[in-house]
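*Asks:* Starting from these lines, generate the structure:
(one chain, ligands or ions: 2)
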Amino acid sequence: MSLSLSAERPERPDDADDGVWLECIECGETFAPFDDVRYTCDECDGLLEVRYADLPTFDDFEGRGVWRYADALPFESGVSIQEGATPLYEVPRLEDEIGIEALRIKHEGMNPTGSFKDRGMTVGVRVATELGVGRLACASTGNTSAALAAYGSRGGMQTLVLLPAGKVAAGKIAQASLHGARILEVDGNFDACLDIVQELAGQGEAYLLNSLNPFRLEGQKTIGLEILEGFLADYDTVPDRIVLPVGNAGNTSALYKAFRELVQAGALDEADVPKLTGVQAEGAAPMVEAIENGADEVRRWEDVETRATAIRIGNPVNAPKALPGIRETGGTAVAVSDAEITAAQRDIAGEGIGVEPASAASVAGLRKLRAEGVVDDDERVACLTTGHLLKDPDAAAAAGSEPDPVPAETDGVLEQLAE
Ligand SMILES: Cc1ncc(COP(=O)(O)O)c(C=O)c1O
Ligand SMILES: N[C@@H](CCOP(=O)(O)O)C(=O)O
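*Replies:* Ligands and ions are numbered 1, 2, ... in the order given. Model (predicted):
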């Protein structure tokens with residue numbers, strides 16, 4: 001099997017349901033999409049992708065938000081809180097300072113729960129209702145848990161989240177808690193949490209809604225579709241490159257799939273596909289290691305650390321989809337330090353846009369690649385910022401400055417301002 005950009009349009013198998021089926025990216029085995037709960041291939045345990053008999057072009061999209069792209073999704077509608085349609089901000093100062101033709105920030109922090117995960121959940125929770133499952137579950141560095149809790153409660157379902165103890169930002173735990181999730185703090189990192197949730201799901205205890213679930217990634221494809229439509233509207237061309245933070249590598253896989261489908265539909269030339277460029281924190285950079293070494297597989301990092309807790313991930317489960325995504329589009333991957341991430345977070349805030357640390361990794365990575373000459377000055381680039389600043393108030397406060405105490409009198413305030 002090949003996740004190549006030039007792959008033929010998929011052939012509809014007998015077990016396709018309404019023109020939709022699941023296909024293993026390793027052995028090509030196909031499955032009816034909703035007859036059973038499955039996350040990976042029954043035959044070889046490979047990752048699954050959703051396939052469609054009919055693929056849409058840009059002309060087929062109508063409406064606003066994730067469900068504008070219903071023709072590229074398994075359903076016409078989902079369990080929705082009006083996700084998607086996020087801003088594609090101009091950032092003129094950053095564009096000048098980094099020194100490229102055009103820079104836009106696609107701010108996924110403007111989704112209902114403050115991260116891109118909402119796009120995946122609106123589809124994933126709809127699938128859960130279709131399958132008639134009871135409890136939904138995820139492992140999480142925080143954002144997935146917030147989105148699962150919100151969309152699960154919207155869909156009237158129980159939710160269970162496993163979090164790495166002491167490593168999840170305050171805003172995210174507050175969201176999961178208020179939306180009614182059962183929260184378990186695990187004495188281990190995110191990857192250990194995901195191992196456990198996979199086992200629970202395998203035992204039928206819960207329906208897994210991490211990005212290993214192929215339907216989650218269908219919703220996340222819409223990030224790529226929105227970026228392309230935004231650039232076509234403003235520049236009459238798609239971006240040369242999309243730079244994004246990488247953790248479990250779901251977005252990298254989803255955007256690549258969106259672009260492959262457009263190529264197969266004849267709506268996008270293979271040569272125009274944006275270069276997918278992944279950014280990881282230095283302390284959690286297994287994808288970068290694999291890209292730099294030309295490896296076919298990603299080595300699991302047991303010990304990971306970064307202040308950007310959302311991407312504190314050592315075993316990106318979507319690597320078999322994301323590695324071809326980066327390579328086939330001519331992209332690359334780069335690691336940045338926590339100091340570089342914090343500097344980028346401040347600079348993005350200087351444009352009026354508040355993002356959490358993991359999100360700022362995209363701009364930090366672009367800055368580094370431009371300085372190294374990997375990114376050219378004539379490129380038009382979109383940086384993905386994945387989560388809102390208020391997700392991690394402690395990191396924001398640490399990156400900003402301390403308030404100055406003053407007495408409750410005007411003279412005291414003026415004295416302080418004169419200092
Ligand atoms: C804010 C934020 N940015 C980036 C990522 C990484 O995204 P992905 O897992 O799709 O690579 C995550 C979670 O994984 C996240 O929560
Ligand atoms: N950053 C993620 C990690 C889990 O990623 P997922 O996309 O596989 O659910 C989070 O917010 O938990």
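
*Asks:* going forward, measure contacts and count neighbours with C-alpha atoms only.
*Replies:* Fine.

*Asks:* Who are the contact partners of residue 85?
*Replies:* By CA atoms under 8 Å, 6 or more residues apart in numbering, the residues touching residue 85 are 64-66, 226.

*Asks:* which SS class is it?
*Replies:* State at residue 85, reduced to three classes by DSSP: H, G, I helix; E, B strand; the rest coil: coil.

*Asks:* what's the longest helix along the chain in contact with?
*Replies:* Identified as the longest helix of the chain according to DSSP state H is helix 214-235. Identification of contacts with helix 214-235 by CA under 8 Å, 6+ apart yields 39, 47-50, 66, 69, 72-73, 84-85, 88, 106, 116-117, 119-124, 127, 209-211, 237-239, 250-251, 253-255, 257-259, 382.

*Asks:* so residue 27 makes contact with residue 45?
*Replies:* No - look at residue 27 against residue 45 with CA atoms under 8 Å: they stay out of range, at 9.3 Å.

*Asks:* When those two are compared, which one has more neighbours?
*Replies:* residue 27 (16 against 13; other CA atoms under 10 Å).

*Asks:* Look up how far ligand 1 lies from the more buried one.
*Replies:* Separation of residue 27 from ligand 1 (CA to the nearest ligand atom, to the nearest Å) stands at 24 Å.

*Asks:* what pLDDT does residue 18 get?
*Replies:* Residue 18 carries a pLDDT score of 86 in this model.

*Asks:* actually residue 159, sorry about that
*Replies:* For residue 159, the pLDDT comes out at 98.

*Asks:* does residue 335 sit in a helix or strand, and which one?
*Replies:* Using DSSP states H and E, residue 335 maps to strand 333-336.

*Asks:* ok, and what's touching that strand?
*Replies:* Strand 333-336 has contacts (CA under 8 Å, 6+ apart) with 277-282, 285, 287-288, 291-292, 326, 361, 364-365, 368-369.

*Asks:* how about a cut-off of 10 Å?
*Replies:* With contact meaning CA atoms under 10 Å, 6 or more residues apart in numbering, strand 333-336 is reached by 243-246, 276-292, 323, 326-327, 361-362, 364-369.

*Asks:* All the helices of this protein, in order from the start?
*Replies:* So, for the chain - with DSSP H - the helices run 92-98, 117-131, 143-154, 170-178, 190-202, 214-235, 250-264, 286-293, 319-328, 338-349, 357-371, 393-399, 410-418.

*Asks:* Ligand 1 contacts on this protein?
*Replies:* Listed as neighbours of ligand 1 in the chain under the rule CA under 6 Å from any ligand atom: 143, 245-251, 310-311, 358-359, 386-387.

*Asks:* thought residue 89 was touching residue 351?
*Replies:* Yes - Residue 89 lies in contact with residue 351 (CA atoms under 10 Å); the separation is 9.4 Å.
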